[in-house]
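Chemist: Build me a structure from this.
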Amino acid sequence: MKSKPITPFRKSSYSGPTQNECVEVATTADGGRAVRDSKDPARGTAYFGPHAWQALLSHIRTARAPREGTPPHS
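Modeler: Residues are numbered from 1 along each chain as shown. Presented below is the predicted three-dimensional model:
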C-alpha cells in the first residue's frame, strides 16, 4: 500500500527557481519518499518505502563515487 505524502513536494536546492528539469520529493507517512517529475507532476508519482529509499540513495552515492585510478565526475 502506498503511503501518502505528508510534506509538500520540494526540488533540489541545486535547481534554480525557473528550472523544471528535475524531480520533486516529498516525505511519506511511513518515512519513505514520494517522487515525481517537476515538468509534469500530474503524470504520476513513484513511491519508495523507507528501506527502498535508503537503498536507492546508497546506490546513487556508490555509482557517483570515483573509482581508484579514474578522474572524478565533472
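
Chemist: can we go C-alpha only for contacts and neighbour counts from here?
Modeler: Will do.

Chemist: what does stretch 42-57 contact?
Modeler: 2-3, 30-37 (CA atoms under 8 Å, 6 or more residues apart in numbering).

Chemist: What mean pLDDT does that stretch get?
Modeler: Averaged over stretch 42-57, pLDDT sits at 94.

Chemist: Could you do stretch 13-23 as well?
Modeler: Computed over stretch 13-23, the mean pLDDT rounds to 73.

Chemist: In the protein, mark out all the strands, start to finish.
Modeler: Listed in chain order, the strands of the chain (DSSP state E) span 23-27, 33-37, 45-48.

Chemist: now those strands as a markdown table including distance to Ile60 and mean neighbour count?
Modeler: Formatted as a markdown table, the strands of the chain follow (distance: least, CA to CA, whole Å; neighbours: other CA atoms under 10 Å):
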| stretch | distance to Ile60 | mean neighbour count |
| --- | --- | --- |
| strand 23-27 | 15 | 20 |
| strand 33-37 | 15 | 21 |
| strand 45-48 | 15 | 17 |
